[in-house]
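S.K.: sequence first, predicted coordinates after that:
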Amino acid sequence: MSLPSPPVESSSAIAGRGIRETIRGLMSLVLQPIRSIRGGRLTTYTDRYRVACLLSWLPCNLGWLLRTFGSDKQRAEEHAYGPTYHALFRGFRYKRIKLMEIGVLDGASLLAWRAFFPRARIVGCDIEPKDRFAIGRIQTRVMDQSSAAELAKVGSEEGPFDIIIDDGSHLSSHQIISFYDLFERITPNGIYIIEDVQTSFWPGHFGGKNINSPAFQQTCVGEFLELAKYVNYSEFRSADQVDQRRLECAKRITRIAFEHNLIVIHRGDNNMPSNYERQARANNYWKDRQ
Ligand SMILES: C[S@@+](CC[C@H](N)C(=O)[O-])C[C@H]1O[C@@H](n2cnc3c(N)ncnc32)[C@H](O)[C@@H]1O
């Protein structure tokens with residue numbers, strides 16, 4: 001009695017199996033180091049940097065990268081900046097951009113930027129030396145963000161920047177001076193972000209004030225709510241008590257967005273003329289015909 005012959009696999013089925021195995025192999029090559037980061041097994045910063053380089057060629061979500069590398073920017077019960085950052089930075093992803101972040105801590109966010117922007121140069125600035133995190137496309141500078149001289153030095157030596165993120169001291173006065181001193185170092189169409197502005201609302205901490213107090217205007221959120229009025233400076237009908245610093249800055253701001261604990265400022269030419277004269281002419285036209 002002859003045995004039934006085993007089913008013959010077609011050559012396309014064999015090829016399909018080969019492709020699936022190759023994909024599985026490549027996935028484990030990438031996933032293994034990621035599991036190691038999460039399990040705390042990849043302990044050296046250099047190892048983590050290598051994984052960031054590997055991931056930079058995959059279309060990973062930025063929120064996921066921030067969480068994977070351990071930044072509090074995307075962490076339960078801390079912040080959820082990931083989706084906003086992903087949407088804001090998508091257009092810059094594969095460009096040769098320069099990104100500055102104030103506040104390095106343990107370098108977690110620097111690695112996430114490295115993994116998201118494969119061609120970027122990243123400058124991490126901190127009041128404390130963070131040389132141990134300077135590797136490959138990441139460099140670090142010692143800078144106190146409350147010092148105009150230090151902001152000017154780093155700005156002129158390292159700028160211009162496409163993106164600046166202020167995740168430093170979170171003190172209102174520091175957030176304000178850093179913005180006004182660094183905003184001129186942002187490229188046209190660049191973005192400046194201030195994180196953790198909840199401190200503006202906490203009296204007694206970080207220069208915060210009660211929301212009902214007139215002093216609230218001196219806080220970071222208070223300052224940017226005021227600056228937001230100046231985005232429409234061409235519509236002002238009186239120059240009385242107009243603040244010159246805000247006015248000059250607003251000529252280069254196309255948008256200010258407020259989100260939970262974040263302020264996002266978009267740089268661009270803000271030189272649209274007023275609608276006032278045109279509107280007044282139109283009003284007269286219709287008045288004459290009534
Ligand atoms: C919240 S941590 C940064 C976290 C990091 N960006 C991340 O997401 O992983 C704040 C950092 O700001 C730094 N810092 C505090 N005061 C500063 C100042 N005046 N100028 C610059 N950096 C400052 C601290 O040393 C600390 O490393």
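M.R.: Yep, that arrived. Numbers count the residues shown, from 1 in each chain.
S.K.: low-confidence stretches in the protein?
M.R.: Low-confidence segments of the chain, defined by pLDDT under 70: 1-8, 25, 28-30, 32-33, 35-42.
S.K.: what helix or strand does residue 139 sit in?
M.R.: Assigned by DSSP states H and E, residue 139 belongs to strand 138-142.
S.K.: residues in contact with the helix or strand following that strand?
M.R.: Per DSSP H and E, the first helix or strand lying C-terminal to strand 138-142 is helix 148-158. Applying CB atoms under 8 Å, 6 or more residues apart in numbering, the external contacts of helix 148-158 come out as 98, 100, 123, 125, 141, 143-145, 177-178, 181-182, 184-185. For every residue, glycine as well, the C-beta is placed using N, CA and C.
S.K.: distance from the chain centre to stretch 203-218, please.
M.R.: 26 Å (CA atoms, centre = their mean, to the nearest Å).
S.K.: got the contact list for that stretch?
M.R.: With contacts defined as CB under 8 Å, 6+ apart, stretch 203-218 is touched by 169-173, 199-202, 219-220, 222-223, 225-226.
S.K.: can that stretch be said to contact the ligand?
M.R.: No: Stretch 203-218 is not in contact with the ligand by CB under 6 Å from any ligand atom; minimum separation 10.7 Å.
S.K.: same question for stretch 169-184.
M.R.: Yes: counting by CB under 6 Å from any ligand atom, the ligand is contacted by stretch 169-184 at 169, 174.
S.K.: can you list the buried residues in that stretch?
M.R.: By 16 or more other CB atoms under 10 Å, the buried positions in stretch 169-184 come out as 169-183.
S.K.: list of residues touching that stretch?
M.R.: So stretch 169-184 is contacted by 100, 102-103, 127, 145-146, 148, 151-152, 155, 159, 161, 164, 166, 168, 192, 194-197, 199-200, 206-208, 218-220, 223, 245, 249, 252, 265, 267 (CB under 8 Å, 6+ apart).
S.K.: now that stretch, how far from the centre of its chain.
M.R.: 15 Å.
S.K.: restricting to C-alpha, output it in PDB.
M.R.: The C-alpha trace of stretch 169-184 is given here as PDB (Å, rounded to 0.1, in the frame of the first residue of the first chain):
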ATOM      1  CA  SER A 169      13.100  75.900  35.800                       C
ATOM      2  CA  HIS A 170       9.300  76.500  35.100                       C
ATOM      3  CA  LEU A 171       9.600  79.900  36.900                       C
ATOM      4  CA  SER A 172       7.500  82.500  35.300                       C
ATOM      5  CA  SER A 173      10.200  85.200  35.100                       C
ATOM      6  CA  HIS A 174      12.600  82.700  33.500                       C
ATOM      7  CA  GLN A 175      10.100  81.500  31.000                       C
ATOM      8  CA  ILE A 176       9.400  85.100  30.000                       C
ATOM      9  CA  ILE A 177      13.000  86.300  29.700                       C
ATOM     10  CA  SER A 178      14.000  83.100  27.800                       C
ATOM     11  CA  PHE A 179      11.200  83.600  25.300                       C
ATOM     12  CA  TYR A 180      11.900  87.300  24.600                       C
ATOM     13  CA  ASP A 181      15.700  86.700  24.300                       C
ATOM     14  CA  LEU A 182      15.500  83.500  22.200                       C
ATOM     15  CA  PHE A 183      12.500  84.200  20.000                       C
ATOM     16  CA  GLU A 184      14.700  86.200  17.500                       C
END
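S.K.: how many other residues sit next to residue 240?
M.R.: Per other CB atoms under 10 Å, the neighbour tally for residue 240 reads 6.
S.K.: ramachandran coordinates for it?
M.R.: Here is the backbone geometry of residue 240 (degrees, to the nearest 10): phi -60, psi 130.
S.K.: in contact with it, which residues?
M.R.: The contact partners of residue 240, by CB under 8 Å, 6+ apart, come to none.
S.K.: longest strand in the chain, please.
M.R.: Among the elements of the chain assigned as strand by DSSP state E, the one spanning the most residues is strand 186-195.
S.K.: give me the helices and strands touching whatever helix or strand comes next after it, please.
M.R.: As assigned by DSSP H and E, the chain's next helix or strand after strand 186-195 is helix 220-230. Counting contacts by 3 or more CB pairs under 8 Å, 6 or more residues apart in numbering; DSSP states H and E, helix 220-230 is packed against helix 172-182, helix 244-250, strand 253-259, strand 262-267.
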